[in-house]
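Asks: Here's my sequence, what's the structure:
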Amino acid sequence: MGEVLALVEARLRTALGEPDARAAVTFLGTDRIEVLRFVDGDLVRYATLGMSAQPMADPTSALADPVKGPRAELVLTVRGGLADTDKVLRPLAVLAATPQVEGVVVAPGASLDVGDPLWPGAPFSSVLVAESGGLVEDLELDAPMDPVRFLPLLPMTSNEAAWKRVHGAQALEERWLARGTDLRDPLRRSVELD
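Replies: Numbering: from 1, shown residues only. Next comes the predicted model:
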């Protein structure tokens with residue numbers, strides 16, 4: 001477990017630079033989850049560290065495989081200085097603990113909801129999980145372990161989350177793209193959903 005997390009942290013540092021802050025959260029019955037903060041100009045990136053320590057188990061499986069199975073960490077990017085986004089540390093840790101707590105596999109296209117604003121005044125309580133491989137490349141591990149995927153999180157308003165449930169993740173992403181939505185704006189309004 002520790003060896004995997006050391007490799008994950010090294011990959012994050014290679015891709016994002018040195019973290020300028022980190023916080024750790026432990027929930028009853030789960031492994032410790034850390035959230036690292038990286039500042040890149042006017043962008044602030046938050047990355048989880050700990051979710052990939054164990055593979056995510058298919059909730060329909062009778063037994064969880066301790067070695068094989070998908071592994072991931074979560075990455076959120078926002079514009080700094082517009083909101084108190086550092087309060088997102090605990091909600092991000094909650095999302096990263098979801099596979100251990102609820103026995104779900106977090107994958108691209110999924111919606112994750114914390115039930116409360118991601119940070120004070122945020123119009124978002126949920127996120128859309130996007131495809132990995134962009135900002136931070138997947139981390140290959142020794143066989144038979146699956147690679148660690150670094151999954152970007154895209155904050156969604158409640159209207160966008162409801163629309164996504166009906167039309168799907170790809171349709172929402174296409175809507176954002178067509179309308180030129182700045183998904184890094186921590187105070188943005190919902191995209192037009194006519």
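
Asks: mind listing the helices for the protein?
Replies: Secondary structure of the chain (DSSP state H): helices at 2-16, 89-102, 158-167, 169-178.

Asks: Comparing those helices, which comes out most buried?
Replies: helix 89-102 (a mean of 21; mean count of other Cβ atoms under 10 Å). The way it works is simple: take the backbone N, C-alpha and C, and place the C-beta from them, glycine included.

Asks: State the mean pLDDT of that one.
Replies: Throughout helix 89-102, pLDDT has a mean value of 91.

Asks: Same question for stretch 109-129.
Replies: 95.

Asks: Need the residues that contact that stretch.
Replies: For stretch 109-129, contacts defined as Cβ atoms under 8 Å, 6 or more residues apart in numbering pick out 74, 76, 83-88, 91, 94-95, 98, 106-108, 151-158, 161, 164-165, 168-170, 172-173, 186-190.

Asks: Any idea which residue is closest to the centre of this structure?
Replies: residue 74 (2.8 Å; Cα atoms, centre = their mean).

Asks: Not counting sequence-adjacent ones, nearest residue to it?
Replies: The shortest distance from residue 74 to any non-neighbouring residue, by Cβ to Cβ, 6 or more residues apart in numbering, is to residue 48 (4.6 Å).

Asks: Would you check how far apart that neighbour and residue 192 are?
Replies: 32 Å (Cβ to Cβ, to the nearest Å).

Asks: Neighbour count for the two, which is higher?
Replies: residue 48 (27 against 10; other Cβ atoms under 10 Å).

Asks: how much space between that one and residue 177?
Replies: For residue 48, the distance to residue 177 - Cβ to Cβ - is 26 Å.

Asks: so how far is residue 7 from residue 118?
Replies: In terms of Cβ to Cβ, residue 118 sits 28 Å off from residue 7.

Asks: How about residue 187?
Replies: 36 Å.

Asks: Check residue 60 and give its pLDDT.
Replies: 67.

Asks: Kindly report the same for the one 5 residues further on.
Replies: Confidence at residue 65, expressed as pLDDT, is 71.

Asks: these two touch, right, it and residue 54?
Replies: No. When contacts are counted by Cβ atoms under 8 Å, residue 65 is not listed as touching residue 54 (9.7 Å).

Asks: quick one on the thing from earlier: quick one, which of the helices of the chain is nearest to residue 131?
Replies: helix 169-178 (9.5 Å; Cβ to Cβ).

Asks: got the angle between that closest one and helix 158-167?
Replies: Interaxial angle, helix 169-178 versus helix 158-167 (axes from the mean of the first three to the mean of the last three Cα atoms, to 10 degrees): 130 degrees.

Asks: what residues does helix 169-178 touch?
Replies: 108-111, 128, 130, 154, 156, 160, 163-164, 181, 183, 191-193.
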